[in-house]
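Chemist: from the sequence below, what's the structure:
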Amino acid sequence: MRPAFFAVLGAVLSALLLSAPISRAAAPVTEQTAQADVYKVPIERGVSLTDAADSMRLRANALNLQLVAELPLSRQVEAVTGQPQRTITIFQFCDAVTAKTLIDVDLDFAVYMPCRIAMIEDAKGQGWLLMMDVNVDMLAKEKRVPQALKDRINAVRKALLEIMQAGAKGEL
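Modeler: Numbering: from 1, shown residues only. Next comes the predicted model:
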């Protein structure tokens, strides 16, 4: 299949996944923004960004989520500017079957699935993993998403949080 197809599937699934109710205790740091909640987890000291990324890839594989895209933004900026950059990498993980099922319910879901986890190095050299928590419960209710599909969405959402935790701890 084409990479664009998987990117769209990942995008749709993630937003829906992130809208299902989940205990705030699952994420160590939650920050409120004007538009959405953000789950923000610090990468533990002693865990390199490379190890964190490897850990996320391995955990996603173990949880049957596909890495459908990896966007090395900082490398792209460095190539354009010629200046060293702090790490910024966006990972997109997806359960393609769940994403396709949601799109079958309604095409509008395609714009609500950014199964994204951002890995960002801040100005002090601290690594962070961030994931958006968009509330689309109203849209799911409006589109009459069956409970079984809502359960699948919640399972993928929990898996994304587990991927973040594995990355933060460098758990291979």
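Chemist: buried residues in stretch 86-97?
Modeler: 87-96 (16 or more other C-beta atoms under 10 Å). Backbone N, C-alpha and C define where each C-beta goes, glycine included.
Chemist: hey, what's residue 91 bridged with?
Modeler: Beta-bridge partners recorded for residue 91 (DSSP bridges): residue 70, residue 117.
Chemist: just confirm it contacts residue 130, I think it does.
Modeler: No - with contacts counted by C-beta atoms under 8 Å, residue 91 stays clear of residue 130, the gap being 10.8 Å.
Chemist: so what sits against both of those two?
Modeler: 117-118 (C-beta atoms under 8 Å, 6 or more residues apart in numbering).
Chemist: closest one of the buried residues of stretch 86-97 to residue 71?
Modeler: residue 90 (4.2 Å; C-beta to C-beta).
Chemist: check contacts around the closest one.
Modeler: Residue 90 touches 69-71, 73, 116-119, counting by C-beta under 8 Å, 6+ apart.
Chemist: quick one: the residue most central in space within the chain from residue 94, how far?
Modeler: With distances taken as C-alpha atoms, centre = their mean, the residue of the chain nearest its centroid is residue 116 (2.8 Å). Distance, residue 116 to residue 94, using C-beta to C-beta, to the nearest Å: 10 Å.
Chemist: biggest helix in the protein, by residue count?
Modeler: Ranked by number of residues, the top helix in the chain under DSSP state H is helix 147-169.
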